[in-house]
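Q: Okay, sequence plus prediction incoming.
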Amino acid sequence: METQLNPIPSLAELAAEGKVPEVVFWVGCAGSFDDRAKRVTQQIARILQHAGIHFAILGEEEACTGDPAKRAGNEFLFQMMAFQNIQVLNGYGVKKLVTGCPHCFNTIKNEYPDLGGHYEVIHHASLIQELLDSGKLSVRGGAFKGKKITFHDSCYLGRANGIYEAPRQVLEALDADLAEMKKSRAHGLCCGAGGAQMFKEAEKGVAEVNHVRAEQALETGAEIIAVGCPFCHTMMSDGVKHHNKEMEVKVMDIAEVIGHGLH
Amino acid sequence: MVEQVLFILMLTIGVGFFVRSIGKIRRNIFLGRPLQINDRKPERWKTMARVALGQSKMVVRPVAGFFHILIYVGFVLINIEVLEIVLDGITGSHRLFAVYLGGFYAIAIGFFEILAVLVMLACIVFLARRISGSPPRLSSSQLKGWANTDALLILGIELVLMTALLLMNAAEGAMPGAEVAPFLVSSLISPLFSGVSAETLHWIERLAWWFHAAGILGFLNYLPFSKHFHIVLAFPNVWYSNLEPKGKFANHQAVKREVELMMNPEAEVQAAPAESELPVKFGAKDVQDLSWKQLLDAYSCTECGRCSSECPAHQTGKLLSPRKIMMDTRDRLEEVGRNIDAHGKEYSDGKSLLGDFITEEELWACTTCNACTQACPVNIDPLSIIMDLRRELVLEQSKAPGSLTAMFNNVENNAAPWPFSPSDRGNWRQTSH
Ligand code: SF4
Ligand code: SF4
């Protein structure tokens, strides 16, 4: 997929010119460093540019929100990261953030206010839905028309924050044939990565969580498994590979699916 | 007269013991850390009406939900008849309400009898589910020992109590010249008593009456020792439940003070609030380190296992089971309570919730996905206990798994959980494909 991006300024660069962006794109660690997730990041940026939104990133001033540290029990490290990030964001007078990751979204939205960080935070799936609704973004069904897509609910978007419909409405805008897994929305099964599991080996058991979840996704007969989280993305891709279905079934972020349909 | 005295004696002892048990449970719950929950009251009442009274989360599984509502409604309404039994017992009257209700009395009792039959039906269905091992979360292989016995006992007791009620009414109806009977359902079993002398019938009726009355009191006193206590605690527990988004984990306030000091040394050391008379602990090692709400959760747990059956770790055969987290917390709390009874408040048995009941392997398997809190019909939060114990492992005991320590180091040194350089953060903007 061709990703032509116009130059994207950092907050520091804009501030030097005395400018403030409409919104800050909080990229997240996976979106900054993981090769697969970087392609999603580029699509999010492309969508924002397509919709004519003036945005900036923090670049090297962005630091881990502290989510994995907190959920692994290291509250100190979490609050230190939060403190730094809040100082930077408040220093620039940031009001609105869009995140490419449900974990960043959840942490900044729910856990930063108590520590002095008050921002309007939105996950990219919700933003895309708003842009589609307001007509700032229009998509062609094209390649996805009638294709079977299933959406995997991320715990930190769904159960954690009650966002179930936005990603589904985005997919429906493509005239895709949305298939639900037997466990979805509030009852969706985790991909297995949350709570810092991404960074450690799983405990002893009889199966891997992502293999089970991938199986549930494959059962729908969907050709595309849509996700909204870089960790789910990795886990589901590995799960699909485990079932030897990576040739037939693609795991794609909502932003990539929409990116395809842009015109 | 003798009967009256005996009844009043039995009632006093029965209620007295019950009050004593409740007092102990209350004391145990308040061994937990203080925590203020009194915000958003209208929303709390609404949640309680919906989730506890309306059982909105029970019916997520329709079969169990339906029969549970039968038992619940039946049992609550039949207690109106228990009120009559108690009043009869104290005053020496016989079917006191009949005088006031006239012809309506037989209709009301008939209605209760239908409920009694429905309760029995539900008990049989529930017994069958437990004995057949389907669903597995209720089978004796997943719920061992006392937990399994407790569940079977409760269902058995309810069956016996309902039988006594029907027998009592049937004997009443079979008595020659019965004034208030026959009743709708029990009249069907009255023929059993054909040919039995009036005197014997009277004795049967009395016996069933006493059995029922004593049974109810026994049941009342069994409750506080059983997972069945949830019929009482479900209500306060839901009222006090978490109304915040599930993803919002509380920020530890003691850590907040430390971090503020560290990051901003010149800032006035904020006069630490009065609560800090307690030694500052960053995690929870034993039940006293948990909040009273978490301990109330433990006493409210119905041991239904809906949490574990939705838990990704449990489903994939890991040791972690959120139900076990709650049962362990309750077991340990009761043990601590017994220690206090026997040896006084300062006594320590050298054991703790973390380690002796809940192992590290269980704690590290959690993905913090909130499936358990979503599934729990009485809004229990096993995840918050897991998080407090994890914090104890990491901050108090430095016992994080090596890979997580590596992640911590990366976050600290590179501002990302992987060893990448912060200066490369914006590199994704240079598209190469
Ligand atoms: S939050 Fe933890 S304990 Fe609860 S269901 Fe998820 S993995 Fe299991
Ligand atoms: S915590 Fe809730 S869902 Fe889990 S066993 Fe107890 S009552 Fe059932």
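A: Okay, I see it. Numbers count the residues shown, from 1 in each chain, chains lettered A, B, ... in the order given. Ligands and ions are numbered 1, 2, ... in the order given.
Q: contacts and neighbour counts: CA atoms only from here.
A: Will do.
Q: and the one residue in the stretch 101-250 of chain B that gets nearest to chain A, how many neighbours does it have?
A: Nearest to chain A, among the residues of the stretch 101-250 of chain B, is residue B:247, at 4.0 Å (CA to the nearest CA). Here the number of neighbours of residue B:247 (other CA atoms under 10 Å in any protein chain shown) works out to 23.
Q: now residue B:392, what's its secondary structure?
A: Of the three states, residue B:392 takes helix under DSSP: H, G, I helix; E, B strand; the rest coil.
Q: picking that back up, so the residue of the stretch 101-250 of chain B closest to chain A sits against residue A:108, correct?
A: No. Contact criterion CA atoms under 8 Å: residue B:247 and residue A:108 do not qualify, at 10.9 Å.
Q: show me what contacts the closest residue to residue A:211 other than its chain neighbours?
A: Counting by CA to CA, 6 or more residues apart in numbering or on different chains, residue A:211 lies nearest to residue A:239, which is 4.5 Å off, once chain neighbours are set aside. Shown in contact with residue A:239 (CA atoms under 8 Å, 6 or more residues apart in numbering or on different chains): A:210, A:211, A:212, A:213, A:214, A:215.
Q: Just put these in a markdown table and tack on secondary structure.
A: Below are the contacts of residue A:239 laid out as a markdown table (three-state DSSP):
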| residue | secondary structure |
| --- | --- |
| A:210 | helix |
| A:211 | helix |
| A:212 | helix |
| A:213 | helix |
| A:214 | helix |
| A:215 | helix |
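Q: I'd like those as CSV, with distance to residue A:67 and pLDDT appended.
A: Output for the contacts of residue A:239, formatted as CSV (distance: CA to CA, whole Å; pLDDT from 0 to 100):
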residue, distance to residue A:67, pLDDT
A:210, 20, 98
A:211, 24, 98
A:212, 25, 98
A:213, 23, 98
A:214, 25, 98
A:215, 28, 98
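Q: Output the residues you listed in CSV; the columns should cover distance to residue B:304 and neighbour count.
A: Formatted as CSV, the contacts of residue A:239 follow (distance: CA to CA, whole Å; neighbours: other CA atoms under 10 Å in any protein chain shown):
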residue, distance to residue B:304, neighbour count
A:210, 26, 25
A:211, 27, 22
A:212, 23, 22
A:213, 24, 24
A:214, 28, 24
A:215, 27, 17
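Q: Ligand 1: which of those residues is nearest?
A: Nearest to ligand 1 among these: residue A:210, at 12.7 Å, using CA to the nearest ligand atom.
Q: how far away is the closest one from residue A:203?
A: 13 Å (CA to CA, to the nearest Å).
Q: Would you mind listing where the chain has pLDDT under the threshold?
A: You didn't say which chain, so I picked chain A. Scanning chain A for pLDDT under 70 picks out A:1-3, A:141, A:263.
Q: looking at chain B here, not the other one
A: By pLDDT under 70, the low-scoring segments of chain B are B:267-279, B:431-433.
Q: For residue 241, give me its contacts.
A: Since no chain was named, I'll use chain A. Applying CA under 8 Å, 6+ apart to residue A:241 gives no contacts.
Q: other chain: chain B
A: Residue B:241 is in contact with B:44, B:379, B:380, counting by CA under 8 Å, 6+ apart.
Q: Enumerate every residue touching the second one.
A: Okay, so that is residue B:379. Contacts of residue B:379 by CA under 8 Å, 6+ apart are B:237, B:238, B:241, B:242, B:373.
Q: just checking, the residue of the stretch 101-250 of chain B closest to chain A is part of a helix?
A: No. Counting by three-state DSSP, residue B:247 is not found in a helix; it is coil.
Q: Under a three-state scheme, what state does the nearest residue to it once chain neighbours are set aside occupy?
A: Using CA to CA, 6+ apart and skipping the chain neighbours, the partner closest in space to residue B:247 is residue A:160 (4.0 Å). Of the three states, residue A:160 takes coil under three-state DSSP.
Q: Was I right to think residue A:160 contacts residue B:370?
A: Yes. Residue A:160 is within contact range of residue B:370, at 7.1 Å (criterion: CA under 8 Å).
Q: Can you show me the strands along chain A?
A: Ranges of strands in chain A, per DSSP state E, are A:23-26, A:55-57, A:96-99, A:120-123, A:148-151, A:177-179, A:224-227, A:250-253.
Q: For ligand 2, find the nearest of those strands.
A: Taking CA to the nearest ligand atom, strand A:148-151 is the member of the strands of chain A nearest to ligand 2, at 26.0 Å.
Q: Could you list which residues are in contact with residue A:187?
A: By CA under 8 Å, 6+ apart, the residues touching residue A:187 are B:310, B:371, B:374.
Q: Next, work out how far apart it and residue B:311 are.
A: Applying CA to CA to residue A:187 and residue B:311 gives a distance of 10 Å.
Q: so what sits against both of those two?
A: Common neighbours of residue A:187 and residue B:311, using CA under 8 Å, 6+ apart, are residue B:371.
Q: how near is whatever residue of the stretch 1-150 of chain A ends up closest to ligand 1 to residue A:6?
A: In the stretch 1-150 of chain A, the residue that lies nearest ligand 1 is residue A:71 (10.7 Å; CA to the nearest ligand atom). Plainly put, residue A:71 is 37 Å away from residue A:6 if you go by CA to CA.
Q: Comparing these two, which residue is more hemmed in?
A: Each of residue A:71 and residue A:6 has its neighbours counted (other CA under 10 Å); residue A:71 has more, 22 against 11.
Q: Make sure that one is actually in contact with residue A:195.
A: Yes. Under the criterion of CA under 8 Å, residue A:71 makes contact with residue A:195 at 5.0 Å.
Q: The closest residue to residue B:56 other than its chain neighbours - how many residues pack around it?
A: Closest residue to residue B:56 apart from its sequence neighbours, by CA to CA, 6+ apart: residue B:50 at 5.9 Å. By other CA under 10 Å, the residues close to residue B:50 number 14.
Q: Confirm that residue B:50 sits in a helix.
A: Yes. Judged by three-state DSSP, residue B:50 forms part of a helix.
Q: Next one: the closest residue to residue B:137 other than its chain neighbours relative to chain A, how far apart?
A: Distance criterion CA to CA, 6+ apart; nearest residue to residue B:137, sequence neighbours excluded, is residue B:305 at 5.5 Å. Counting by CA to the nearest CA, to the nearest Å, the separation of residue B:305 from chain A is 15 Å.
Q: show me the contacts for residue B:305.
A: By CA under 8 Å, 6+ apart, the neighbours of residue B:305 are B:137, B:138, B:323.
Q: From residue A:186, how far off is the second one?
A: Meaning residue B:138. Counting by CA to CA, the gap from residue B:138 to residue A:186 is 23 Å.
Q: more neighbours, these two?
A: Neighbour comparison, residue B:138 and residue A:186: the larger count goes to residue B:138, with 24 against 19 (by other CA under 10 Å).
Q: I figured that one was touching residue B:128, is that so?
A: No. Look at residue B:138 against residue B:128 with CA under 8 Å: they stay out of range, at 10.5 Å.
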